[in-house]
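Peer 1: A predicted structure for the sequence below; I have some questions about it.
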Amino acid sequence: MRLTAEQLAWSVHGTPLLTDVSLTVEPGQTFGLVGPNGSGKTSLLRLLAGLNKPKAGRVLIDQQPMHTLKQRAIAQSIALVEQQADTTDRITVRQVVSLGRTPFLSALRPWSKEDDAIVAQALRDVDMAHMTDRLWHTLSGGERQRVHIARALAQQPKILLLDEPTNHLDIRHQLSILELVRQLPITVMISLHDLNHAMECDRIGVMDGGRLIDSGLPQEVLTAARLRQTFGVHAHVVNDPVDGKQIMRFRNSI
Amino acid sequence: MLSSPLLFNRLWKPDMKNVRALLTAAVLLPSAHAMADATDYPVSLTNCGVEISVASAPEQTVTVGQSATEILYSLGLAERVNGTSVWFNPVLPQFAEANEEIERIANDDPSFEAVVNKRPDLVAVQYEWHVGPTGSVASRDQFHELGINTYIMPADCDTKDNSTGGDGTRTAAFSTDSIYKGITELAEIYDVQDTGEALVADLIDREERAIDLANSLELPEDLSAAFWFSSTDLGVSPFMAGQLGAPGYMMDKLGIRNVIESDEEWPTVGWESIARADPDVLVIARMDRRRFPTDDIEAKREFLRSDPVTREMTAVKNNRIVEMDAHAMSATMRTIYGLESLAEALSTMSFNQ
Amino acid sequence: MSIALTRSSTTGFGLRWLWLTPIVLVAALIAGTAIGETSIPVETIVKVLANQLLGADYAVDRIDAGIIWNYRLSRAVVAGCCGTSLALAGVVLQALLRNPLADPYLMGISAGASTGAVAVAVAGLGAGALSLSLGAFIGALLAFGIVIMLAHAANSGVGGGRGVQAAGAIILAGIAGSQLFNALTAFIITKSASAEQARGIMFWLMGNLSGVRWADVALAVPAALFGLLVCLWHRRSLDAFTFGADSAASMGIAVRPVRGMLIIAMALVTAVMVSIVGAIGFVGLVIPHAMRFIVGSRHTRLVPATALAGAVFLIGSDILSRILISGQVLPIGVITSLIGAPAFALILIRGKRS
């Protein structure tokens, strides 16, 4: 599905957090969202997930304006993995992932074998199938993040939004999650802090001060000038001798 | 303290009139030496555990509690009362006119300053909890520090422990002797002893006639009754008269068994217990207060008639329901009027099944 | 680990214990009918129940029959309804507000009910035409309305939508509203209350089932069933709040209407119960936590388990309140708190260890 934002604006208490953000993510693309702290990445993802209604502009899912859809209909297409979502409930991994089926269940459509299969597949996708009966509070941070992603996958979304999913993860899990996300045949928007990870996306957008100041192919957007201007760092872009890909080396802040 | 009233109770049965005369003399004894017509000041006496000394007859009085107010009126002292408070019922009709002239400081509890502001020589109090150690108006010491004397009606403390139970707990049965004692002591304090004696004599006479009437009725041996004051809501466990309060005294005098066995003044008792005890007579309180639905005597009757359990009770089925002024059910001068009206009501009832 | 077993632990109804529900409930009701402040022989009780339920024609004392059928059974049924409703309200509020200490009385309901009752009883509001329970009901709704308005104001103040803040705003508003109404109650009592009234009010504030009759059953049973059905219907929504309101929204729950509707429904049900029997503490706190400990956090199992346990707990507490001190009936709130407080502590400690 195509995800489109048209001139989105969002503010809290008169303080603008997003101004005039327009972008399009083509079906199947992985779109990376980068920007310094407080640049509006999370606010944008919340609008795109339908958690907040934009003060101006609109969001389109394919051609359908989001505000014409019920929350349940949105959730049948779009899944969100939040940055920090925790619980004190005594709840197993399988139960968490089962929550992802919520938008499809109703009194007339009870839990079925098919749902079991979807949950099991989602757990396999994030490599958590061996931990299905572990209790949530016994999991490590990385395991919890993977369970959240499995929960989102159990929604069988056409569009997946992830808000800094690699935070607090060790490098192996960071890479495995990015790899998983890239392989998904669906539209993905992911906000990232690690700019080198962002280089792996199909396209990226740079947020600064609530505006989308640039978007395009990673190597075209993440230039030394952009890094200096937006992120406040001096950096070299160098080629990796092993696979020839571009990587950034950050030298010092301005 | 504990044994003497009980002893009196036993003595009364065989030869009531003689003992009664003896008692009256005993009650009046403290003032016997000043019998003539004048009081020797200062008057010193122990009132509810506190020594008080009255230097001269009080000219200005504030009352806290209707019973204290009405006793002073009955002693012809209305012009020396310049403030009243804590009213339960309309004043007795014969004092309505006099009462009009006197400022009613508060319907309920007056504040300390409002009482003091009337510059009373004496504060006459019906209930100890208004001026007791944790008095809701003030403690007695607070009044005494300002040179204001306090007098609490002995009916509320002589056989009663006000530190426990909802409305205090009787340590021994209430008897009208404590009422007479209060009248006699107030008469001495105000130097109106002749009036006091006459009032006590009149009350004793009415009491005896009521008892004589009951005796003449040849009531069944094991006649039982219960007094229903009110309830916080329809059907909720009601406040019933305990064994030792004013209603207990009435039943004892008339030879009736109170089915409520508690020693508390007004225990809450479940209707289940009351219905199974199934008293022969139910006495229900009439009052002007309208705080709870069952304050209304018609609501009480309606409940008794319509509730699926109470309507099966003997007293209800045989319509042996007696109305009585709520004020008569508390330990006041009006207790004797209550005794009269209960005896009269019994005289109209048939107990032959 | 078979599919069948895991299904029952996640989404199925746990049919293995469900059939016990009516048996346990009926047993509790019979116990509530058989045990009372006076002792009636079991034989009489069986005869009365047979007369009423099976149309038998045994000769029994009419007062005994009335007590068993009209006092005790109606009282046990209302106690059960009340336990169910309060416990379910606890489940819902704890789930929605993500706060383990959320309690049906948090919404200012008990404070408002007390104020309403005291205003009628002590201040003489309504001059006898207004019953204590009606006063309590009006007070409860008034306080709840104020709490919701406060919460709404506070919530729009922090910029809306953020689930954690919204839940926090409701809890803070509940505390503020409760304090306000408690102060009003204290004001009215200080202004004018004699010992008799204070006693009546106290007894009522701690819960009082002595006035319950079949007319109350006609109110309590539909209210409790309504509460139960609402909870069952929204069991998946309640589950979806596991990771907070935003997470619920991203899984398709229309958070504001659903949360608002559930809270209002539970407030109404609680207000009805409070107006019938007074404020009974700890049920909404202890029962949900105890049941989470036993059947887990999924509402498909938690809701029916809590409904049953709440009913049985309150019927049992009512029995205890009648027999603990012979010749005297304790306020039921005393019993629930005396059992509830240590039980709650135990659950917390054991929950931490596991």
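Peer 2: That came through fine. Residues are numbered from 1 along each chain as shown, chains lettered A, B, ... in the order given.

Peer 1: CA atoms for contacts and neighbours, from now on please.
Peer 2: Noted.

Peer 1: What sits closest to residue B:295 if chain neighbours are left out?
Peer 2: Nearest-residue entry for residue B:295: residue B:230, 5.6 Å, with adjacent residues in sequence omitted and distances by C-alpha to C-alpha, 6 or more residues apart in numbering or on different chains.

Peer 1: go on, residue C:311?
Peer 2: Per C-alpha to C-alpha, 6+ apart, closest to residue C:311 is residue C:80, 3.8 Å.

Peer 1: what about whichever residue of the stretch 101-250 of chain C sits closest to chain B, neighbour count?
Peer 2: In the stretch 101-250 of chain C, the residue that lies nearest chain B is residue C:211 (3.6 Å; C-alpha to the nearest C-alpha). Per other C-alpha atoms under 10 Å in any protein chain shown, the neighbour tally for residue C:211 reads 20.

Peer 1: Just want the most central residue of chain A.
Peer 2: residue A:162 (1.6 Å; C-alpha atoms, centre = their mean).

Peer 1: my read is it is in a strand, agree?
Peer 2: Yes - counting by DSSP: H, G, I helix; E, B strand; the rest coil, residue A:162 is part of a strand.

Peer 1: For it, give me its contacts.
Peer 2: A:45, A:80-83, A:188-191 (C-alpha atoms under 8 Å, 6 or more residues apart in numbering or on different chains).

Peer 1: From residue B:49, how far out is it?
Peer 2: Noted for residue A:162: a distance of 81 Å to residue B:49, by C-alpha to C-alpha, to the nearest Å.

Peer 1: ditto for residue B:256
Peer 2: Where residue B:49 is concerned, residue B:256 sits at a distance of 33 Å (C-alpha to C-alpha).

Peer 1: Residue A:67 now?
Peer 2: Relative to residue B:49, residue A:67 is positioned 81 Å away (C-alpha to C-alpha).

Peer 1: Equivalent analysis for residue B:115, please.
Peer 2: From residue B:115 to residue B:49 the distance is 22 Å (C-alpha to C-alpha).

Peer 1: quick one: which of those two has more around it?
Peer 2: The neighbour comparison of residue B:115 against residue B:49 (other C-alpha under 10 Å) goes to residue B:115, with 23 against 10.

Peer 1: With adjacent residues omitted, what lies nearest to the more buried one?
Peer 2: Leaving aside its chain neighbours, residue B:115 sits nearest to residue B:62 (6.7 Å; criterion: C-alpha to C-alpha, 6+ apart).

Peer 1: Quick check, that neighbour in contact with residue B:78.
Peer 2: No - contact criterion C-alpha atoms under 8 Å: residue B:62 and residue B:78 do not qualify, at 10.8 Å.

Peer 1: out of the two, which sits in the more crowded spot?
Peer 2: A count of neighbours by other C-alpha under 10 Å puts residue B:62 above the other of residue B:62 and residue B:78, at 28 against 19.

Peer 1: so how far is chain C from the more buried one?
Peer 2: Distance, residue B:62 to chain C, using C-alpha to the nearest C-alpha, to the nearest Å: 19 Å.

Peer 1: Look up which helix or strand that residue falls in, please.
Peer 2: Using DSSP states H and E, residue B:62 falls within strand B:61-64.

Peer 1: Just give me how far that strand sits from the chain centre.
Peer 2: In this view, strand B:61-64 has its centroid 17 Å away from the chain centroid, taken as C-alpha atoms, centre = their mean, to the nearest Å.

Peer 1: Check what contacts that strand and list those residues.
Peer 2: Outside strand B:61-64, the residues that touch it by C-alpha under 8 Å, 6+ apart are B:69, B:80-86, B:109-110, B:115, B:118, B:120-127, B:130.

Peer 1: pLDDT value on residue C:105, please?
Peer 2: Listed pLDDT for residue C:105 reads 77.

Peer 1: Also residue A:245?
Peer 2: pLDDT recorded at residue A:245 is 82.

Peer 1: so what's it closest to, chain neighbours aside?
Peer 2: Nearest non-adjacent residue to residue A:245 (C-alpha to C-alpha, 6+ apart): residue A:239, at 5.5 Å.

Peer 1: Run through the strands of the chain in chain order.
Peer 2: All of this refers to chain A. For chain A, the strands defined by DSSP state E cover A:3-12, A:15-25, A:30-34, A:56-61, A:64-65, A:78-81, A:159-163, A:187-191, A:203-208, A:211-216, A:233-239, A:246-253.

Peer 1: Oops, wrong one, chain B.
Peer 2: So, for chain B - with DSSP E - the strands run B:43-47, B:50-54, B:61-64, B:81-85, B:104-106, B:122-125, B:149-152, B:160-161, B:169-170, B:224-230, B:239-240, B:257-258, B:281-286, B:321-325.

Peer 1: now those strands as JSON lines including distance to residue A:116 and mean pLDDT?
Peer 2: Formatted as JSON lines, those follow (distance: least, C-alpha to C-alpha, whole Å; pLDDT from 0 to 100):
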{"stretch": "strand B:43-47", "distance to residue A:116": "84", "mean pLDDT": "91"}
{"stretch": "strand B:50-54", "distance to residue A:116": "83", "mean pLDDT": "91"}
{"stretch": "strand B:61-64", "distance to residue A:116": "78", "mean pLDDT": "94"}
{"stretch": "strand B:81-85", "distance to residue A:116": "77", "mean pLDDT": "93"}
{"stretch": "strand B:104-106", "distance to residue A:116": "75", "mean pLDDT": "89"}
{"stretch": "strand B:122-125", "distance to residue A:116": "79", "mean pLDDT": "94"}
{"stretch": "strand B:149-152", "distance to residue A:116": "81", "mean pLDDT": "94"}
{"stretch": "strand B:160-161", "distance to residue A:116": "72", "mean pLDDT": "76"}
{"stretch": "strand B:169-170", "distance to residue A:116": "69", "mean pLDDT": "75"}
{"stretch": "strand B:224-230", "distance to residue A:116": "63", "mean pLDDT": "94"}
{"stretch": "strand B:239-240", "distance to residue A:116": "62", "mean pLDDT": "90"}
{"stretch": "strand B:257-258", "distance to residue A:116": "71", "mean pLDDT": "95"}
{"stretch": "strand B:281-286", "distance to residue A:116": "69", "mean pLDDT": "94"}
{"stretch": "strand B:321-325", "distance to residue A:116": "72", "mean pLDDT": "93"}
